[in-house]
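1. Quick one: sequence plus predicted model below, questions after.
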Protein chains: 2
Amino acid sequence: MTQIGFIGLGAMGMPMAGCLISAGHQLTVFDVAESRVRSLEERGASAASSPRDAGNGAEALVVMVARGAQAEEALFGEEGAAQGMAEGSAVVLMSTIGPEAVRGLAGRLGERGLRLLDAPVSGGVARAERGDLLIMAGGDPELFARLKPALDAMGSSVIHCGPRAGDGQSVKLVNQLLCGVHIAVAAEALAYAERLGLDARFVFETIRHGAANSFMLEDRGERMLERAFESPKSALDIFIKDMGLVLASAEETGFSAPLADAARRVYEAGAEMGLGSEDDSGVIRTYES
Amino acid sequence: MTQIGFIGLGAMGMPMAGCLISAGHQLTVFDVAESRVRSLEERGASAASSPRDAGNGAEALVVMVARGAQAEEALFGEEGAAQGMAEGSAVVLMSTIGPEAVRGLAGRLGERGLRLLDAPVSGGVARAERGDLLIMAGGDPELFARLKPALDAMGSSVIHCGPRAGDGQSVKLVNQLLCGVHIAVAAEALAYAERLGLDARFVFETIRHGAANSFMLEDRGERMLERAFESPKSALDIFIKDMGLVLASAEETGFSAPLADAARRVYEAGAEMGLGSEDDSGVIRTYES
């Protein structure tokens, strides 16, 4: 691809942009943290001084900010990218911001002759570094086919989930409902083991290969037992956002999701304890207090 | 082992007893359903006409009934096994009835010079048939060592969880907390996918190998999508019992388990819909009504 803009060099965005560079794409990157832009410049990316600058001349503009409001600012703010992009070029929105928000952005981009591919990801930082993400795309199949080579640089499973922008977000919300509950219940189970007078590490090793297994029990359970909360691989605040998106979409469709709701309350209790910017495995502390 | 008694030939007990026979143990079996006793008689077991008869002369008596009240009746009822057993012989309690109930039975057996090894299992019918269960034992280490050859016939992971009768039950409750929540959230997620206008099978295939994975999502999720509820591999009622045991032990120790509590309510809603004797994967119907 001739030219890709990239906005949002966070814990996930940084390795994803790195994978695009490694695959030979020309990147122009923007982030509010200049040091992150510099570190990719050293790897051959061009530095943009604003979102508008990142979008200028880009065939595709990847947006990997954390929140919906940041995506809106990046595209339509005073120095927003949309105003610099050529008609027919595409925004690849890889943040998790919910299907409704994505459809809103797609409509506004469409008014300017710009296209949107919705492409949220799952897998965490380690898999992002290996270009091994699950990417759940929604949007026009022809647009998906055109952008797939770039997505393949970041993900090992790049799935077209449906023809509408937002279809990828919907699949991601189902994914997050499971992930959010699985992390919280791993915390609940390990704290419960301690409360029953058992050694939590022993219980973990005994049951984790059986019917109680989950990816999150293995992954976050290990961090809970190591008490490795302070250098976050994925911050607890992310699940407050994502469980909020899950429950907002549930409410819109009249769907009752009691487990997602219970998990959200657990994360909220963690945030109230000041754990929001720590690793989400720290949610076990809400059960210990 | 010279002689093993076996009480409780349900969906799990039947294949477990079969594994003991295949391993060369002499079994005397009892169940309230005579047809089940007959079918094991054809495989070389002796038929007992009462629990007392099954315990008579047994070096070890395996109890694999569903509930605590049934275990008590089997051991201490009018025709209970305890009265026929020789001093020094052992009861191997493999049902999930909770640590307190097991300790009560261990005390009463001790008054008669009988010993108790607590040994609940996890893994389901298919693994029971292969002798591939996880067995979580609690009790005197010497007793565990003596009984381990028999347990090895039924399980591939036979773990000594602690020196007290009930320690195996405690580990099993942690296991069930996870399993019960994982099944309920699999139902919640797949029903949510449908409500969002997605194809649940497609979503399942897209996300099940990633961070959203759990053993129960794979196993019960498949049955939920196949709508295979009517010939239960594990009845929904079992999780009403087990989540009740989890929450009773939580309450005794002042531990708050909001996800287990939310899952119990989901199973209770299923029972109120008349789904208690169907497969636990049928719990997805509570989300569809």
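-> Sure thing, it's come through.

2. longest strand anywhere in chain A?
-> Under DSSP state E, the strand in chain A containing the largest number of residues is strand A:155-162.

3. now the angle from the helix or strand that it is followed by to helix B:167-195?
-> Following strand A:155-162 in sequence order, the next helix or strand is helix A:167-195 (DSSP states H and E). Using axes from the mean of the first three to the mean of the last three Cα atoms, to 10 degrees, the inter-axis angle of helix A:167-195 relative to helix B:167-195 is 170 degrees.

4. related to what we said a few turns ago, what sits up against the longest strand of chain A?
-> With Cβ atoms under 8 Å, 6 or more residues apart in numbering or on different chains as the test, strand A:155-162 has contacts from A:121, A:123, A:131-138, A:141, A:144, A:148, A:151-152, A:167-168, A:170-171, B:198, B:202, B:206, B:209-210. Where you see a C-beta, it was placed from the backbone N, CA and C, and this is true even at glycine.

5. List buried members of those by neighbour count.
-> Among those, those buried by neighbour count (16 or more other Cβ atoms under 10 Å in any protein chain shown) are A:121, A:123, A:131-138, A:144, A:148, A:151, A:167-168, A:170-171, B:198, B:206, B:210.

6. The residue in the stretch 1-150 of chain A positioned nearest to chain B: what secondary structure?
-> Residue of the stretch 1-150 of chain A nearest chain B, by Cβ to the nearest Cβ: residue A:134 (4.5 Å). With DSSP: H, G, I helix; E, B strand; the rest coil as the basis, residue A:134 sits in strand.

7. Next: the one 3 residues further on.
-> Taking three-state DSSP as the rule, one finds residue A:137 in the strand state.

8. I'd say it and residue A:166 touch.
-> No - Residue A:137 is beyond contact range of residue A:166, at 10.9 Å (criterion: Cβ atoms under 8 Å).

9. Name the residues contacting each of those two.
-> Counting by Cβ under 8 Å, 6+ apart, the shared contacts of residue A:137 and residue A:166 are residue A:118.

10. mind listing what residue A:90 touches?
-> Residue A:90 touches A:59, A:60, A:61, A:114, A:115, A:116, A:117, A:143, A:146, A:147, counting by Cβ under 8 Å, 6+ apart.

11. what residues go with each domain of chain A?
-> A:4-164, A:170-288 (automatic domain parsing).

12. Now do residue A:239 against residue B:41, distance only.
-> Counting by Cβ to Cβ, to the nearest Å, the gap from residue A:239 to residue B:41 is 55 Å.

13. about what we covered before: hmm, residue B:210 and the residue of the stretch 1-150 of chain A closest to chain B touching each other?
-> Yes - assessed by Cβ under 8 Å, residue A:134 is found in contact with residue B:210 at 4.5 Å.

14. Which neighbours do these two have in common?
-> With Cβ under 8 Å, 6+ apart, residue A:134 and residue B:210 have common neighbours A:122, A:123, A:157, A:175.

15. ok so, going back, same drill for residue A:239 and residue B:41, tell me which one is more crowded.
-> The neighbour comparison of residue A:239 against residue B:41 (other Cβ atoms under 10 Å in any protein chain shown) goes to residue A:239, with 27 against 14.

16. Run through the stretch 1-150 of chain A and note the low-pLDDT ranges.
-> Within the stretch 1-150 of chain A, the ranges that satisfy pLDDT under 70 run A:1.

17. hmm, back to that, from the shared contacts of residue A:134 and residue B:210, which two are the most distant?
-> Taking Cβ to Cβ, the two most distant members of the shared contacts of residue A:134 and residue B:210 are A:157 and A:175; they sit 11.8 Å apart.

18. shared neighbours, the two?
-> What both residue A:157 and residue A:175 touch, as defined by Cβ under 8 Å, 6+ apart, is the set A:134, B:210.

19. Of these two, give the one with the bigger neighbour count.
-> Regarding residue A:157 and residue A:175, a neighbour count based on other Cβ under 10 Å identifies residue A:175 as having more, with 27 against 17.

20. I figured the more buried one hits residue B:210, correct?
-> Yes - look at residue A:175 against residue B:210 with Cβ under 8 Å: they come within range, at 7.0 Å.

21. can you list the residues of the stretch 1-150 of chain A near chain B?
-> A:99, A:122, A:123, A:124, A:134, A:136 (Cβ under 8 Å from any Cβ of the partner chain).

22. hey, what's the last one bridged with?
-> Partner residues in beta bridges with residue A:136, using DSSP bridges, are residue A:159.

23. tell me the contacts of it?
-> Contacts of residue A:136 by Cβ under 8 Å, 6+ apart are A:119, A:120, A:121, A:122, A:159, A:161, A:168, A:169, A:171, A:172, A:175, B:206.

24. and the closest residue to the fourth one other than its chain neighbours, what does it touch?
-> Take residue A:122 and drop its neighbours on the chain: the residue closest to it by Cβ to Cβ, 6 or more residues apart in numbering or on different chains is residue A:134, 4.5 Å away. For residue A:134, the set of contacting residues under the criterion of Cβ under 8 Å, 6+ apart consists of A:121-123, A:155-157, A:159, A:175, B:206-207, B:209-211.

25. now those in TSV, with distance to residue A:275?
-> Shown next, in TSV, are the contacts of residue A:134 (distance: Cβ to Cβ, whole Å):
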residue	distance to residue A:275
A:121	24
A:122	22
A:123	23
A:155	30
A:156	32
A:157	31
A:159	33
A:175	23
B:206	31
B:207	27
B:209	30
B:210	25
B:211	20
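
26. what's the closest of these to residue A:19?
-> Nearest member of these to residue A:19, counting by Cβ to Cβ, is residue A:155, at 8.8 Å.

27. Give me the residues contacting the host helix or strand of residue A:6.
-> Assessed by DSSP H and E, residue A:6 sits inside strand A:4-7. Identification of contacts with strand A:4-7 by Cβ under 8 Å, 6+ apart yields A:13, A:16-17, A:20, A:25-31, A:45, A:48, A:51, A:54-56, A:58-65, A:74, A:81, A:150.
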